[in-house]
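In: Can you look at this prediction? I've put the sequence above it.
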Amino acid sequence: MLKENLLQMKSEAEKRIEEAKSVAVIDEIRVEFLGKKGKITEILKGLKDLSVEEKKELGKLANEVKTEMEEKINRAIEVVTEQEIEEKLAKENFDITFPGRECPKGSLHPVTVVQRRAEEIFKGMGFMIADGPEIETDYYNFEMLNIPKDHPARDMQDTYYLSTGNVLRTQTSACQSRFMEKVKPPFRMIAPGRCFRNEAMDASHENTFFQLEGMMVEKDLSIANLVYIMKTLLSEILERDVKVRLRPGFFPFVEPGFELDINCLLCGGTGCPTCKHSGWIELLPCGMVHPNVLRAGGIDPEEYKGFAFGVGLTRLAMMKYGIHDIRELNSGDLRVLNK
Amino acid sequence: MKISMNWISDYVDISNIDVSKLALSFTMSTAEIEEVTYMGKEINNVVVGQILTCEEIPESKKLHKLTVDTGSEVVQCMCGAPNARVGIKIPFAKVGGSVIGMKIGAAKLAGYDSFGMCCSGKEIGFSDDHSGLLEFEDSVVVGTDVKELLQLEDVIWEVDNKSITNRPDLWGHYGIAREIAAITGRKLKEMPVSDLEQYKDLPKIPVEIQDDRCRRYACMVLDNVKRPESPYYMQTRLFYCGMRAISFLVDLTNYIMLDVGQPMHAFEREGIEKIVVRASRGEKFTTLDNVEREVGNETLFICNNDKPIALAGIMGGLDSEVTEKTKSIILESANFDAGMIRRNAAKLGMRTEASARYEKTLDSEYVIDALKRFVYLLMENDEGATVSGGLSDTIKKPQEEVTIQITKSYIDSYIGEALPLEKIVSILESLKFEVKVNGEELTIKVPTFRASKDVGIKADIVEEVARIYGFDNIIPAPTKVSLEPLRMNFDRETEYKVKSMLAENFGLSEVHSYIWYDNKFNQEVGIGNLEGIKVLSPSAPELADIRQCMAPTLLNFANENKKNYDAFGIFDIGSVASVVNGEVEEHKELGVLLASKSEGENDLFYRLKGMINHILRVTKNVELTYLPITEKKDWMNPVKTAKIVYNDVELGYLSVIHPKIKNNIDKKLNVAVLELNMFKLYEIEGKELSFGGASKYPEVSFDLSLLIDKTLPYATVKKDLNNFESAIIIRNEFVDLYEGVGLPEDKKSMTFTFVWGAKDHTLTGEEVEAEKVKLLEYLNSKGYTSRY
C-alpha cells in the first residue's frame, strides 16, 4: 500500500517537474514532496509503525525515491535557470555605442613630451640628467665657458642682465661647469632646460625657449667618435636613419666647433624649398670641448677629451607637432595646448 | 659679407672650377656661404655710345630725340634722361640686347621711332644711381662692350658674417683667397704692393699714442691726387660688395678695407700738425655724417694736437673730411683694442664697416700691409700722385707671436684617424703656418693674422688640419668606453610623476610661462604691482620683475582662457626667485589653477586639496597637513586659504582667489590656486609602502555621528578620534557632514565609521560592546554628543 503510494507520488512528482517552467514552481514541488512536512517525508515518518522487514524494504525504496527526486529537481532547476537567463538575454536592449563615462582629458606641454622622450633616449645610452638654475651667474654662463668679458660672443647673444648681477641663462651650456664640479669623468650628461635671449619676438623668435645641452667626457674621444654618436643619437630622436655632416662653426666653448647638418627630412636629401635645395638642414651646434672649459671644470685636458652639443628642444617640438608660431608655446592658450 | 670672385681671381686661379661647388667646399671647410649670385648675366649688347644730336620735341617736355653713334651704326633713340646732351659717352643698349629686368626692342615713343636705350648706372647694375645717364670718361672708345669695360660679369658670394666672427683674417678678399687656395690646393699669389722703404727719408707726421687701447698707429702723407673717380672695375667691385663709389680717394680706402681687411681713413692734410691718440674727455664730436654726438669718455679720439678729428676706429670727423678739392691727405692705418671699439660702436649705435672689423681683433701687421697696398694702387691709377710724408709707424703693443708644439699622434687621436704627416704639413703650410718637423714633433709658427684671435692652442691646429682635410672625410667610429652605472636623477622622475598625474589622472593641461611677472595684468586685475629681482633691459616695462610666485601668471592664463572655456584646470612647474640674505634663491615651483563656472569655489578648493594629497601619497607615501596662513598674498581669499605643511616644513599654499580679484576676472568664474615648492617636495624622505598584515579574522564596523559646534574644524575632531586609545581599532573614516534641517542652527553633524578587528581571533559581541562603551565615554569626556 505504502509502496504503491510512493511510486505513484514519484511518477506524479516527476511529471510535474518535467512540466515546470520556472525555478519557483520547481521549488514548490520540492517543498510539497520533500519539505519538512512534504508527502515523501510524511511517508518516511510513517515507517516507524512498520515491521523490521517492511521498514528495511520500504525505507530503502523511500530513500531511493527521495534521492532520485532531488536529483531530478536539481537538474530541472539548472535547465530552467539557463532557460531563464537565455530568455532574459534575448530581451536585453543594450547600446554599446552610447558614450562612456568620460574622464577629463588633460595634456602635457609639447616641450615636456619631447623633452621626456629625449631624456629616455639619452638615459638608455648612459647619459645622466643634470639640471641648473635659470638665473645664472656670469661665471657659469660666460666665464667658465671660455667667454671672457668683451668677447664678441656676448654680443651674439643678447643677454637679460639682472639687478643682482646675474643673468637669465642664455644657454643650457651653463650646466656644463656645474656638472663637472660635481661628477668626475668619464661621464655622459644632458641638461635640458629653459633659456632666455633678449630678442624681438615673432613667429620664429622667442625670448624664452628650451634647449638640451649634452656633454661626454672620456679619456679617448675624437671627432670621429662625435660624428658616430651624434648620428646614432639623432637617428633615435628623429625616429629615422639620418645622415649627418659637420661644418665649421664658431662657439667659444668648443674647439673645433661645428654646425651639424642632417639630410633634409622632407625631401630626404634630394633638395626642396625647405632645405633651400641643398638637401641639408642645419640642426645643432656641437664640438670638442675647449681645453679651457675642461680646465675650468677641474678636468685635465691632456688626460681627457670631451664633446658637447646643444639641441633646440623647442624647435624639435615645433617640428614634431607642426607648430608654426613659436609664441603659442608660452601663450597658455588651451585651444593650442590641450590637443 | 660679400665676396667678388673676380676680385678673388686676382689672387688665386679659380678657372675651371664651378664657383657654386667651390662655395659648398668653402661652407664645409671655412664658413657658410649663404648665397651665390651671378651678376651681369642680364646685360647683353650694351656698348659705349656717343650722343651725336639731341633735339627737344613738341610732344613732350621730358623726352629728347637723340642720334647715337654705337660704333657700328648711328641710330635714333628717344631718351628722357635730364643729362642727355650732345657729346657725352653713355651705355647704350642696342635693339635685341638686354639690361636689368628689360629686353630692348624697337619702340615708338611719343610717335617717334626709338632703336635702343641710353642707360643709367642702375639699369646696367653698375650703381644704384638712376638720376640720369651714366657718363663715361671721354677716353673710352665708342662701341666698346660695356659689360667688359665695367667688368659687370661676376659671381658674388654672401658669407654669413656670424660664421666668421672668430676669423679676423677673413674680413678681406685676400684672406678669403688664401682659404680658397688651401681648399683647392692651388697657389696663392702675392699681393702687389709698393715698397715703402723708398720714402723713408721723407719728413714724417709726428704721432703720439697716449692710450694703449690704440695698439698701433701708422700714417703717410700723399699729395697731388687728381684722379676724381675710381677705375671702373673698382667701382663695380665696391658696388657689388655693398658699398658706393664716392671719389677715388675715399673709394681706395674702402677698397683696401675689402681687399686687405684693414680699415683706413684719409684726413685732409691741411691744418694737421701732430697726430695724438688719446682718451675722450667726454667732449661732443661731429662725425662726417654731420651728426653731433655725445661720445662719452670710454672712447678714443684721433686728434690734431689736442683737437679731435676722428672717433677712433668708428668714424672720421666732419672738419677733417676729404672733399673734392682735397689734393693732399694724411692716410691713417691703425689698430685699436677690439673690446673698446665693440662697446663704443654699440653704445653709439654706429656699427660701421670699420668698427665691425676692428672688433674682431685684427692683426696689427695689416696696418703696414694696407698702406703698402694703398700706395701701390694709388700710383697705378693716378700718375701724378706723390708721397710727401714717409711712413710714421708707432707701436704701443706689438703683435704677439704664437708658436705651438704638437705631436702627430695628438692630431691623430683628436681627429680619430691617422693622416699622413706630409698631408698635415701641406695643409698647414697652405694656410701660411710655418711648420718645422722633428720626427713626430711639429713646431708650428702661427701667422700673425691667425694668432691675433683664433689660433693659440693645440686644438686649434687640429681644427685647421681637420677642416681642410674635410670633416666629411672623417670616418665615424664608435667610442671605446668604460661601463659606468647610470646615476638616476630622482628629482626629475618626481617632477614627471607630478606632471603625469596632473595631466593624465586629473585632466589638467600643462602650460609654460615666462619667468617674469606681467605687472600690467597684475594691476588691471587688482593684484597690484609685484616686485622682484629686476630685469635690466626688459622686453616691456611691465615685464621687469622676476616672479616669486606662480599664481599671478596662472591667473593671467585663466583670464585668457575664460573666453573659450567655462571650466578648465592648468598647471606649470616654473622657476621663481628672490633674494634671501643677499643671495639669489631660485627654486622650481608648481602652480595649479582650477577654474569653473559650474563648480563652486569650495569644491574647487577641496578638489585641489584631494589632488595634492593624492600626489604626495603616490610620490612619497606621506600625509599632508593644512594650517592657517598668517601672511596672505593679495590674490588669496582671506578665509579660504591654507598653507600646506609636512613635518613642520611649509611646502606651499592652497587658496580660493580673493573675491575682489575674482570679480575683476569674471564674477561667474570660480577659481582656486595651489603652489608647491618642488625642491621641498624632492627633499621629503618618502615612506616605504607596507604590504601584507591583513587579519584572517573578520572586521566589525560601527557608524557614529557627532553633534558638534559649526565652528569646530574637522581636523580637531579627527585628531580627537585618532587619539582614542584602543587595542582593536584598525581605522576610523570620515563618512559625511550634515548641516540644516533637524539640527540646531549652530551645530553640524559629522559621521565617522570605526573599523575594529583583532589579528588572532574573531571579535566577540562582548568585546565589541565594551569598545563602544569605552569610545562613547571617551567622546563624552571630550565634550562630544554622540548619536548612533
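Out: In hand now; what should we look at? Residues are numbered from 1 along each chain as shown, chains lettered A, B, ... in the order given.

In: where in chain B is pLDDT low?
Out: B:481-484, B:788 (pLDDT under 70).

In: spatially speaking, which residue is in the middle of it?
Out: Against the mean C-alpha coordinate of chain B, by Cα atoms, centre = their mean, the closest residue is residue B:162 at 10.2 Å.

In: In three-state terms, label it for me.
Out: Three-state assignment for residue B:162 (DSSP: H, G, I helix; E, B strand; the rest coil): helix.

In: For the residue lying farthest from the centre of chain A, give its distance to residue A:57.
Out: The outermost residue of chain A relative to its centre, with distances by Cα atoms, centre = their mean, is residue A:51 at 82.3 Å. Noted for residue A:51: a distance of 10 Å to residue A:57, by Cβ to Cβ, to the nearest Å. C-betas here are computed from N, CA, C, even on glycine.

In: Residue A:209: helix or strand, and which one exactly?
Out: In the assignment (DSSP states H and E), residue A:209 maps to strand A:208-218.

In: what's the answer for residue A:42, then?
Out: Assigned by DSSP H and E, residue A:42 falls in helix A:39-46.

In: counting contacts, what elements does that helix pack onto?
Out: With contacts defined as 3 or more Cβ pairs under 8 Å, 6 or more residues apart in numbering or on different chains; DSSP states H and E, helix A:39-46 has these neighbours: helix A:2-19, helix A:23-34, helix A:52-91.

In: Pull the contacting residues for residue 303.
Out: All of this is about chain A. Neighbouring residues of residue A:303 by Cβ atoms under 8 Å, 6 or more residues apart in numbering or on different chains: residue A:219.

In: Let me rephrase: I mean chain B.
Out: Applying Cβ under 8 Å, 6+ apart, the residues near residue B:303 are B:275-278, B:309.

In: ok, so of these, who is nearest residue A:86?
Out: residue B:277 (109.1 Å; Cβ to Cβ).

In: Thought residue B:299 was touching that closest one, still the case?
Out: No. The pair residue B:277 / residue B:299 is not scored as a contact, 11.2 Å apart, by Cβ atoms under 8 Å.

In: Find the residues that touch each one of those two.
Out: In contact with both residue B:277 and residue B:299: residue B:312, using Cβ under 8 Å, 6+ apart.

In: For the contacts of residue B:303, give me CSV that also has secondary structure and distance to chain A.
Out: Formatted as CSV, the contacts of residue B:303 follow (DSSP: H, G, I helix; E, B strand; the rest coil; distance: Cβ to the nearest Cβ, whole Å):
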residue, secondary structure, distance to chain A
B:275, strand, 26
B:276, strand, 25
B:277, strand, 20
B:278, strand, 21
B:309, strand, 26
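
In: tell me the two of those residues that are most distant?
Out: So, those by Cβ to Cβ: farthest apart are B:278 and B:309, at 11.7 Å.

In: residues from the stretch 51-200 of chain A in reach of chain B?
Out: Counting by Cβ under 8 Å from any Cβ of the partner chain, the stretch 51-200 of chain A comes close to chain B at A:103-109, A:111-112, A:116, A:119, A:123, A:126-131, A:133-135, A:149-150, A:152-153, A:155-156, A:160-164, A:166, A:168, A:183, A:186-187, A:194, A:196, A:198.

In: Name the residues contacting each of residue B:278 and residue B:309.
Out: With Cβ under 8 Å, 6+ apart, residue B:278 and residue B:309 have common neighbours B:301, B:303.

In: Those two: which is more packed in?
Out: Higher neighbour count among residue B:278 and residue B:309: residue B:309, with 25 against 17, using other Cβ atoms under 10 Å in any protein chain shown.

In: in terms of contact, does that one touch residue B:272 like I think?
Out: Yes. If you go by Cβ under 8 Å, residue B:309 and residue B:272 touch, sitting 7.2 Å apart.

In: For residue B:203, which non-adjacent residue is closest in space?
Out: residue B:389 (6.0 Å; Cβ to Cβ, 6 or more residues apart in numbering or on different chains).

In: What would whichever strand or helix holds the one you found look like as CSV? C-alpha coordinates only.
Out: Taking DSSP H and E as the criterion, residue B:389 maps to strand B:386-395. C-alpha atoms of strand B:386-395 as CSV (Å, rounded to 0.1, in the frame of the first residue of the first chain):
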residue,chain,number,x,y,z
THR,B,386,103.2,111.6,-54.9
VAL,B,387,104.2,110.6,-51.5
SER,B,388,105.3,113.6,-49.5
GLY,B,389,105.3,112.2,-46.0
GLY,B,390,107.1,108.9,-45.1
LEU,B,391,105.8,106.1,-43.0
SER,B,392,105.2,107.1,-39.5
ASP,B,393,104.7,103.9,-37.5
THR,B,394,104.1,103.9,-33.8
ILE,B,395,103.6,100.6,-32.0
